[in-house]
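**Q** Next comes the sequence, and after it the predicted model I'd like to discuss.
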There are 2 protein chains.
Amino acid sequence: MNVTVLRINHRPTRDKRITTHVALTARAFGASTILVDQRDEELEDTIRDTVYRFGGDFRIESGVDPHRVMREFSGVKVHLTMYGIPVDQAVGRIREAAGDRGVLVVVGASKVPREYYEASDFNVAVTNQPISEVSALAIFLDRLFEGREMNAEFEARMRVIPSERGKRVVML
Amino acid sequence: MNVTVLRINHRPTRDKRITTHVALTARAFGASTILVDQRDEELEDTIRDTVYRFGGDFRIESGVDPHRVMREFSGVKVHLTMYGIPVDQAVGRIREAAGDRGVLVVVGASKVPREYYEASDFNVAVTNQPISEVSALAIFLDRLFEGREMNAEFEARMRVIPSERGKRVVML
């Protein structure tokens, strides 16, 4: 299933590191693309460098118009918010509704305007507690893909070999 | 099972927001305590304020000596690192090894010194990809508690009522 993450309210000075963590999580947990509303070339470079080294064809684009993305996306729109319905109740319905049309996951930094609650097909909570958009995204994608992303392999220049102690990396 | 998170290499200027997300994730996903190596009163205030409003008895302490914590902790020590063994292979062994002695989860910002790899009972990877310590912690705790943290209830002043659209919060 094709998943795009839409990051809204990104403030390059304040949110660069959190958005970087959102993007890395999106990539490692099986999303294909992240779209970021504010233009941020440094963020783009960081993520493209990771993709270059660790592989896959994950794509980042910043400076997109999020309203237009919401309007034009033809699949199922899911907004992650602590006020939503529990992910474990929602995820089956989302998978069914999406079919092969794909899923857009909206992840806000700071306050999310009401229109996103309205325009999303599902408002989904990963716990109804204050957590982090990074962990919310990880758990949501984990549930959506039923844990299969854990065994994903990437065509890569660098690969980590799991080890009990220390670091083993092979260059391919 | 009692879980303590140990955050190492926290740099108050650079890492405040990421460490805040680590702490909120720790709380929402069932850890009882977070220990942070560098003193950071602003971080402590943020987390205590969340606990005050949303409940539970989650505890934060900053300015601890991480070496001493590692040395004196009597349960199972788990270091989260992309170089470790897959979480889904490790988690059963960790649960078994811990019994009722508890688990210490070590979460680094930036480079983690070799000694933590050596002193940990398990070096565990949540995917062998570069992700985020925030999502790594969320997935690790989710696996450790077998998803039960999703339905945890906190004795709280504020509670979010899940809803399809918008925000519903009750003050108790």
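**A** Good, I have the coordinates.

**Q** Not counting its neighbours along the chain, what's nearest the most centrally placed residue in chain A?
**A** Averaging the C-alpha coordinates of chain A gives a centre point, and the residue nearest to it by Cα atoms, centre = their mean is residue A:26 (3.5 Å). Closest residue to residue A:26 in three dimensions, ignoring its sequence neighbours and counting by Cβ to Cβ, 6 or more residues apart in numbering or on different chains: residue A:5, at 4.5 Å. In this view, the C-beta of every residue, glycine as well, is placed from N, C-alpha and C.

**Q** mind checking the SS state of the one you found?
**A** strand (DSSP: H, G, I helix; E, B strand; the rest coil).

**Q** I'd like to know the average pLDDT value across the lengthiest helix in chain A.
**A** The helix spanning the most residues in chain A, taking DSSP state H as the definition, is helix A:12-28. The average of the pLDDT scores along helix A:12-28 is 95.

**Q** so after the longest strand along chain A, what's the next helix or strand?
**A** Longest strand in chain A by number of residues, with DSSP state E as the criterion: strand A:76-86. Next helix or strand after strand A:76-86 toward the C-terminus (DSSP states H and E): helix A:87-98.

**Q** hmm, who's touching stretch A:150-170?
**A** The set of residues external to stretch A:150-170 that reach it, using Cβ atoms under 8 Å, 6 or more residues apart in numbering or on different chains, is A:28, A:30, A:52-56, A:142, A:171-172, B:81-88, B:114, B:117-118, B:122-123, B:125-129.

**Q** Can you select the buried ones among those residues for me in PyMOL?
**A** Selection of buried members from the contacts of stretch A:150-170 for PyMOL, criterion 16 or more other Cβ atoms under 10 Å in any protein chain shown:
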select buried, (chain A and resi 28+30+54+55+56+142) or (chain B and resi 81+82+83+84+85+87+117+122+123+125+126+127+128+129)
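
**Q** one step back: so what does the longest helix of chain A touch, helix or strand wise?
**A** Helices and strands touching helix A:12-28, as assessed by 3 or more Cβ pairs under 8 Å, 6 or more residues apart in numbering or on different chains; DSSP states H and E, comprise strand A:3-8, strand A:33-36, helix A:41-54, helix A:133-144, helix B:12-28, helix B:133-144.

**Q** Can I get these in TSV including distance to residue B:106?
**A** Output for the helices and strands packed on helix A:12-28, formatted as TSV (distance: least, Cβ to Cβ, whole Å):
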stretch	distance to residue B:106
strand A:3-8	28
strand A:33-36	28
helix A:41-54	23
helix A:133-144	17
helix B:12-28	11
helix B:133-144	10
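
**Q** Which one of the ones you listed lies nearest to residue B:77?
**A** Closest to residue B:77 of these, according to Cβ to Cβ: helix B:133-144, at 13.0 Å.

**Q** So what's the gap between that closest one and the chain middle?
**A** For helix B:133-144, the distance from its own C-alpha centre to the chain's C-alpha centre is 8 Å (Cα atoms, centre = their mean, to the nearest Å).

**Q** Just confirm yes or no for that helix near chain A.
**A** Yes. In this structure, helix B:133-144 sits against chain A according to Cβ under 8 Å from any Cβ of the partner chain; the contacting residues are B:134-135, B:137-139, B:142.

**Q** circling back: so the residue nearest to the centre of chain A sits against residue A:6, correct?
**A** No. Using Cβ atoms under 8 Å, residue A:26 makes no contact with residue A:6, being 10.3 Å away.

**Q** which residues do these two both contact?
**A** With contacts defined as Cβ under 8 Å, 6+ apart, the residues shared by residue A:26 and residue A:6 are residue A:34.

**Q** Thought residue A:17 was touching residue A:40, still the case?
**A** No. Judged on Cβ under 8 Å, residue A:40 makes no contact with residue A:17 at a distance of 11.5 Å.

**Q** tell me the SS of residue A:154?
**A** The three-state label for residue A:154, taken from three-state DSSP, comes out as coil.

**Q** residue contacts, residue A:36?
**A** For residue A:36, the residues meeting the contact criterion (Cβ under 8 Å, 6+ apart) are A:7, A:10, A:19, A:23, A:43, A:60-64.

**Q** And for residue A:73?
**A** For residue A:73, the set of contacting residues under the criterion of Cβ under 8 Å, 6+ apart consists of A:4, A:102, A:104.

**Q** Residue A:5 is in contact with the second one, correct?
**A** No. When contacts are counted by Cβ under 8 Å, residue A:102 is not listed as touching residue A:5 (11.6 Å).
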